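Q: With the sequence up front, the predicted model follows.
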Amino acid sequence: GDSWFASVRNTVALKKEFGLYFVGDVKTAHQMFPRKALARTPADKGAWLKYTAKHKGVDIFALGHRKGKSRVGMLVASCGTTTEGERLAYAYTEDSTG
């Protein structure tokens with residue numbers, strides 16, 4: 001699979017070598033990524049926790065977002081902001097695919 005692609009190492013390489021910004025889900029390639037800290041994202045669905053760092057001269061953003069009671073999604077990025085935005089209220093319905 002391609003779950004190895006979203007990592008701090010690849011995010012830094014894309015920015016330094018090609019000038020490309022990157023945002024991706026961290027699944028298996030979590031070296032140098034604050035996975036254990038982000039696992040402590042507050043338990044409320046939709047809650048989030050963020051960390052920022054500079055690695056080899058590249059700004060790195062690490063984000064944990066609560067997807068449910070036991071699941072935290074984790075993102076790595078070389079672009080973005082840590083300014084909290086306006087909370088959105090929306091409703092959704094599940095289709096036949098879940």
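A: Good, I have the coordinates. Residues are numbered from 1 along each chain as shown.

Q: all strands for the protein, in order.
A: Residue ranges of the strands in the chain, as given by DSSP state E, are 23-25, 48-55, 58-66, 72-77.

Q: ok, residue 45 - how many residues close by?
A: For residue 45, the count of nearby residues is 11 (other CB atoms under 10 Å). The C-beta positions use only the backbone N, C-alpha and C, and glycine is treated the same way.

Q: same deal with residue 43?
A: 11.

Q: ok, now how distant is the residue nearest to residue 59 when sequence neighbours are not counted from residue 52?
A: Leaving aside its chain neighbours, residue 59 sits nearest to residue 78 (6.4 Å; criterion: CB to CB, 6 or more residues apart in numbering). Distance, residue 78 to residue 52, using CB to CB, to the nearest Å: 11 Å.

Q: Report the central residue of the protein.
A: Geometric centre of the chain, nearest residue: residue 75, 1.3 Å, by CA atoms, centre = their mean.

Q: Residue 67 is in contact with that residue, correct?
A: No. If you go by CB atoms under 8 Å, residue 75 and residue 67 don't touch, sitting 11.7 Å apart.

Q: picking that back up, between the strands of the chain, which one is nearest to residue 11?
A: Minimum separation from residue 11 across those (CB to CB) falls at strand 72-77, 5.3 Å.
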